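Novice: Following is a predicted model, sequence given first.
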Amino acid sequence: AQSVTQPDIHITVSEGASLELRCNYSYGATPYLFWYVQSPGQGLQLLLKYFSGDTLVQGIKGFEAEFKRSQSSFNLRKPSVHWSDAAEYFCAVGFTSGTYKYIFGTGTRLKVLA
Amino acid sequence: ETGVTQSPTHLIKTRGQQVTLRCSSQSGHNTVSWYQQALGQGPQFIFQYYREEENGRGNFPPRFSGLQFPNYSSELNVNALELDDSALYLCASSRTENTEAFFGQGTRLTVV
């Protein structure tokens, strides 16, 4: 069955430090992969997506992610975190099984220290 | 181009009542999906509507039902509300049934 695992429930980093959020997925074929960000009480904003091609994808707000098929991973990175990046981050797999749907991980809550 | 809009933003219902949540899809999008996000969890797929027909359903009971209208807006109806239905309900629209989805801000439902 398809699944998405985000092993880190909470991460705390200092402003200006680098960030890596981990995501592992289980899916039989090449998945469509997404990272979303959610601020408290808000909906989901798409940061970036991977469908095919270059395995390093660039997104908004200075984020990037790398697809590694051999590790079934799609980790999100940012070289220098800003206080405004504090939010919850969700990794998702998009796939078709009768219908096209997303499976989300349980999220990683990012706290940024000034 | 307007994004996905949901109404209301918040509401409180009593156990056993019925509720209707509304979603206007993004311009040019003909597919709407609904997700339930319980506190501390990732969103879970409820169902999808494509061209006014239900096009797939997640693991939710029949008391969760929906509609899609000719203008591609959608409603989510939940009957016989239970306390565990308290969650953020997210609507997402997409250009077709198998392309990326864009999410609305959600409706926060509290069942007391």
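Specialist: Looks like it arrived, so ask away. Quick caveat, the model's predicted, so the values are computed rather than measured.
Novice: Next to chain B, which bits of chain A? Give me the list.
Specialist: Near chain B, the residues belonging to chain A are A:4, A:32, A:34, A:36, A:41-46, A:49, A:90, A:92, A:94, A:96, A:98-107 when assessed by C-beta under 8 Å from any C-beta of the partner chain. The way it works is simple: take the backbone N, C-alpha and C, and place the C-beta from them, glycine included.
Novice: go again using 10 Å as the cut-off
Specialist: Contact residues of chain A with respect to chain B, defined by C-beta under 10 Å from any C-beta of the partner chain, are listed as A:4, A:6, A:9, A:32, A:34, A:36, A:38, A:41-46, A:49, A:51, A:88, A:90-92, A:94-107, A:109.
Novice: any idea how far residue B:96 is from residue A:83?
Specialist: 38 Å (C-beta to C-beta, to the nearest Å).
Novice: what residues are up against residue A:113?
Specialist: The contact partners of residue A:113, taken as C-beta atoms under 10 Å, 6 or more residues apart in numbering or on different chains, are A:12, A:13, A:14, A:15, A:16, A:17, A:81, A:83, A:86.
Novice: Might you report the residue contacts of the closest residue to chain A within chain B?
Specialist: Among all residues of chain B, residue B:56 sits closest to chain A, at 2.4 Å; criterion: C-beta to the nearest C-beta. Taking C-beta under 10 Å, 6+ apart as the criterion, residue B:56 is in contact with A:96-101, B:33, B:45-50, B:97.
Novice: Check residue B:108 too.
Specialist: Residues touching residue B:108, when contacts are defined by C-beta under 10 Å, 6+ apart, comprise A:41, B:8, B:9, B:10, B:11, B:12, B:37, B:86, B:87, B:88, B:89.
Novice: Out of these, which end up buried?
Specialist: Applying 16 or more other C-beta atoms under 10 Å in any protein chain shown to these, the neighbour count classes B:37, B:86, B:87, B:88, B:89 as buried.
Novice: and chain A, which of those reach it?
Specialist: Filtered for proximity to chain A (C-beta under 10 Å from any C-beta), these shrink to B:37, B:88.
Novice: measure stretch B:48-63 end to end?
Specialist: 15 Å (C-alpha to C-alpha, to the nearest Å).
Novice: Appreciated, that's everything.
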